[in-house]
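J.: give me the fold of what follows.
(chains A, B, C, D, E and F)
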Number of protein chains: 4
Amino acid sequence: MPKLGMQPIRKEALVKATIVEIGRAGSLDVTVAQIARRAGMSTALAHHYFGGKEAIFLAAMRHILSIYGAEVRGALAVAKTPEARLDAIILASFSAANFRREVISAWLNFYVLARTVPGAQQLLSVYQRRLHSNLLAALRPIAGAKAVPLAHAMGALIDGVYLRAVLRDGPPDGQAAIEMLRRYVAAELEGRPE
Amino acid sequence: MPKLGMQPIRKEALVKATIVEIGRAGSLDVTVAQIARRAGMSTALAHHYFGGKEAIFLAAMRHILSIYGAEVRGALAVAKTPEARLDAIILASFSAANFRREVISAWLNFYVLARTVPGAQQLLSVYQRRLHSNLLAALRPIAGAKAVPLAHAMGALIDGVYLRAVLRDGPPDGQAAIEMLRRYVAAELEGRPE
Amino acid sequence: MPKLGMQPIRKEALVKATIVEIGRAGSLDVTVAQIARRAGMSTALAHHYFGGKEAIFLAAMRHILSIYGAEVRGALAVAKTPEARLDAIILASFSAANFRREVISAWLNFYVLARTVPGAQQLLSVYQRRLHSNLLAALRPIAGAKAVPLAHAMGALIDGVYLRAVLRDGPPDGQAAIEMLRRYVAAELEGRPE
Amino acid sequence: MPKLGMQPIRKEALVKATIVEIGRAGSLDVTVAQIARRAGMSTALAHHYFGGKEAIFLAAMRHILSIYGAEVRGALAVAKTPEARLDAIILASFSAANFRREVISAWLNFYVLARTVPGAQQLLSVYQRRLHSNLLAALRPIAGAKAVPLAHAMGALIDGVYLRAVLRDGPPDGQAAIEMLRRYVAAELEGRPE
DNA sequence: AATGAATGAGGATTCATTCAT
DNA sequence: GATGAATGAATCCTCATTCAT
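T.: Numbering: from 1, shown residues only, chains lettered A, B, ... in the order given. Sure, this is the predicted structure:
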């Protein structure tokens, strides 16, 4: 018996199923049938709601990025000093919600997706730009002229840590990642102030 | 006009074609037919020489890793001081031969491959371990207790720079990458020694 | 115009088409495409319903064996004496429904299939055991100690007649086969009673 | 270093390899490459000597049939009485040389081949006719009018025993087969003479 | 005599997508 | 809203066969 207002529920189920399946498969080689089955519906319905596989992937990507964005935003809101702001970004990047096996796996694969699908590339660019500007805003007061290169390096380092976490067998170690980032920032800031 | 001793020639052609095609496609969604066509032979011959698609991918991966390994080894051989050794690794990582669009793209996709194919995972692990031990050997004399975490961070940073280079449109900027790494090392080494 | 409840209809069509095609080809070298075409559907649908070629073959085999089994069961039900029972088995074995060109051809090829596919071997074993026990039950009261070897021989003779029918050009002669079996039984039973 | 007069040696090796491979595979799904490898040569050479796969199969079939024929001929030559002649045929049919796993498997598959390849059909017909006339010649003096149907039944029974031997797991039991045939003949001859 | 090289043809299987119900 | 039915278009892989050496 079909109910009204199922659309958002179905869509969310599909998005979550997509992330799980990409995590499980370790690649984008995931069939719509797998996603739909895990979401508890037919493939036809999945198509009905999203129009196509690519749109499903994009929605999953948007979901992950928006969760990450929300977490960062929330943490920044309560941080008072530049140092606290910087740390908030680091902590959000490796929080339990984001630095999870499936999410990391999906993340890596979205980098791949971005090479093919313009929409994905755009989403990833937006995320990178936002991260960069957040980092920059926090760094500017405390790093001076170093702020720009430092922000670039931190972005790359975060991504690198994600990338490496994909390969490891056990659960990802967020704490170690956080320490690595903190240590990096500390080292760069400790040096001659300019 | 069949000649003798074609096997190595054909295999190499296929490996190179594979890297090019993965670079072009931006993903592992590359058909054997595409690879074979670019290598100038039939798909049947590609299968004949490698036995299957996976083996072709693995050979391509091994090729890239071995070139990188050779370059590092060569640079380390002539470097006399620890500092020179460290710089040699950095330079090799972003040399014109390795830090090329196609190679970077292939690199990213090999990370994905490693999630599925055990052989690929192993190859990547070997590469990471070797890089780590090279970094460590160079850092130990000059970074003391910091050597281990620093080597980890450098490895992650290198991978992160690769990952980010994938997304950018233009040609990858090896020089900027080198400077980013050098700057980080300098900052860490400058700080209080323990 | 897709309707509901097509699964059993499609499956049956595929099973029948399989038997016809094996009969036509004279071997198991029958493509799924041929079977699907004759059954009036795409190969994809055939795979969808059966999961693979082997499963289609097994279903066809099961179909033939079950028809034969049903016919024997039906005939045994109305036979009152051991002699009538024995004759019922013979008649069913060479009835118009079973002793047809295509069915015989399929039969032979299922023997071949049984050499490769465990499921097929099992099906054939079941058929042989059931035939044997039916024969034995009918023979025991009238053949005494001879019953066991006689049942074996009759089974072999029936199979042999099938085998030879495969080679002949014209339509198989069920009547002649029945007479051969009857004569064989008569000869064995006439001999000294023990 | 190619030698002269290799042709018959190579051909025989291929024929034997073919029988072994058909026995191993349990079907005609045997590649020329497998046959050639087992025979210790390249596929190109196999083609060179036989011209094609079909010709290889036919040669293998001819080989088996001719061995069987030779054995029967030899046994008939020394048999003095009709009874002895009959027994000679039975014995030859289930001799250790013929009633072997691989040979039986090949035999079955030649029945399949005969449905497709005219040459195979002809070979099999020749064998059947020869067996029939041998049986008839032996039976005529001792079975009178029964000779013809008895010869037919014996032929079918022999084939049936072969067919059933294919399915059994263990080694084929020639002795049991011989007894089955002898028992049948005895029963028919014992009965009232007309 | 012998073989490595090479390929065209074909075959099983998968999958995103569409459509009628 | 929801789904079973259905397929066209790939894709990987195999294999008999040919050819130049």
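J.: so is the helix or strand encompassing residue A:58 next to DNA strand E?
T.: Taking DSSP states H and E as the criterion, residue A:58 maps to helix A:53-78. Yes: Helix A:53-78 comes into contact with DNA strand E (C-beta under 7 Å from any atom of the strand), by way of A:53, A:54. Glycine gets a C-beta too; all of them are placed from N, C-alpha and C.
J.: looking at the residue nearest the centre of chain A now. What's its pLDDT?
T.: Central residue check for chain A by C-alpha atoms, centre = their mean: the C-alpha nearest the mean position is that of residue A:65, 4.7 Å away. Residue A:65 is assigned 95 on the pLDDT scale.
J.: so which bits of stretch A:29-46 are buried?
T.: Counting neighbours by 16 or more other C-beta atoms under 10 Å in any protein chain shown, one finds that the buried residues in stretch A:29-46 are A:30, A:32, A:34, A:35, A:36, A:38, A:39, A:41, A:46.
J.: can you map out the strands along chain A?
T.: Along chain A, no segments are classed as strands by DSSP state E.
J.: now do the same end-to-end measure for stretch A:27-47.
T.: This stretch, stretch A:27-47, spans 21 Å end to end (C-alpha to C-alpha, to the nearest Å).
J.: give me the distance from it to the chain's centre.
T.: Once both centres are worked out by C-alpha atoms, centre = their mean, to the nearest Å, stretch A:27-47 turns out to sit 22 Å from its chain's centre.
J.: so does that stretch get close to chain C?
T.: No: in terms of C-beta under 8 Å from any C-beta of the partner chain, no part of stretch A:27-47 sits within range of chain C; the closest distance is 11.0 Å.
J.: that stretch vs chain B: in contact?
T.: Yes: Stretch A:27-47 is in contact with chain B by C-beta under 8 Å from any C-beta, via A:27, A:28, A:29.
J.: over to stretch A:78-94?
T.: No: using C-beta under 8 Å from any C-beta, we find that stretch A:78-94 stays clear of chain B, coming within 12.1 Å at best.
J.: flag every buried residue along that stretch.
T.: By neighbour count, and taking 16+ other C-beta under 10 Å as the criterion, the buried residues in stretch A:78-94 are A:79, A:85, A:86, A:87, A:88, A:89, A:90, A:91, A:92, A:93, A:94.
J.: likewise stretch A:132-147?
T.: Taking 16+ other C-beta under 10 Å as the neighbour-count basis, stretch A:132-147 is seen to contain the buried residues A:134, A:135, A:136, A:137, A:138, A:139, A:140, A:142, A:143, A:146, A:147.
J.: I'd say residue A:18 and residue A:61 touch.
T.: No: the pair residue A:18 / residue A:61 is not scored as a contact, 9.1 Å apart, by C-beta atoms under 8 Å.
J.: excluding chain neighbours, what is closest to residue A:153?
T.: Nearest-residue entry for residue A:153: residue B:180, 5.2 Å, with adjacent residues in sequence omitted and distances by C-beta to C-beta, 6 or more residues apart in numbering or on different chains.
J.: over to residue A:102?
T.: residue A:23 (2.9 Å).
J.: show me what contacts the one you found?
T.: With contact set as C-beta atoms under 8 Å, 6 or more residues apart in numbering or on different chains, residue A:23 has these partners: A:101, A:102, A:103, A:105, A:106.
J.: for residue A:36, same thing?
T.: Applying C-beta under 8 Å, 6+ apart, we find residue A:36 in contact with A:14, A:17, A:42, A:43, A:45, A:46.
J.: any idea how far the fifth one is from residue B:110?
T.: Pointing back at residue A:45 there. Spatial separation of residue A:45 from residue B:110 under the definition C-beta to C-beta, to the nearest Å is 36 Å.
J.: go on, the first one?
T.: Noted for residue A:14: a distance of 29 Å to residue B:110, by C-beta to C-beta.
J.: any low-confidence regions in chain A?
T.: In the predicted model of chain A, residues A:1-4, A:191-194 satisfy pLDDT under 70.
J.: which residue is the nearest non-sequential neighbour of residue A:109?
T.: When the adjacent residues along the chain are set aside, residue A:109 lies closest to residue A:28, with 5.1 Å between them (C-beta to C-beta, 6+ apart).
J.: if I look at that neighbour, how far off is DNA strand E?
T.: Shown here: residue A:28 relative to DNA strand E, a distance of 9 Å by C-beta to the nearest atom of the strand, to the nearest Å.
J.: from residue D:91, how far out is that residue?
T.: With distances taken as C-beta to C-beta, residue A:28 is found 68 Å from residue D:91.
J.: got it, and residue A:113?
T.: According to C-beta to C-beta, residue A:113 stands 74 Å off from residue D:91.
J.: and residue A:117, how many neighbours does it have?
T.: The local packing count at residue A:117 equals 18, with neighbours defined by other C-beta atoms under 10 Å in any protein chain shown.
J.: could you measure from the closest residue to it other than its chain neighbours over to residue A:119?
T.: With C-beta to C-beta, 6+ apart as the criterion, residue A:117 has its nearest non-adjacent residue at 5.9 Å, and that residue is residue A:54. When C-beta to C-beta is applied, the distance between residue A:54 and residue A:119 equals 8 Å.
J.: which stretches of chain A form helices?
T.: Read by DSSP state H, chain A holds these helices, from start to end of the chain: A:6-25, A:32-39, A:43-50, A:53-78, A:82-93, A:101-114, A:118-143, A:147-167, A:174-190.
J.: near chain C, which residues of chain A are found?
T.: Remark: no part of chain A is in contact with chain C, using C-beta under 8 Å from any C-beta.
J.: tell me the contacts of residue A:178?
T.: Contacts for residue A:178 (C-beta under 8 Å, 6+ apart) come out as A:90, A:91, A:94.
J.: my guess is the last one contacts residue A:179, does it?
T.: No: with contact taken as C-beta under 8 Å, residue A:94 and residue A:179 are classed as non-touching, separated by 9.7 Å.
J.: residue A:125 - how many residues pack around it?
T.: Neighbourhood size, residue A:125 [other C-beta under 10 Å]: 13.
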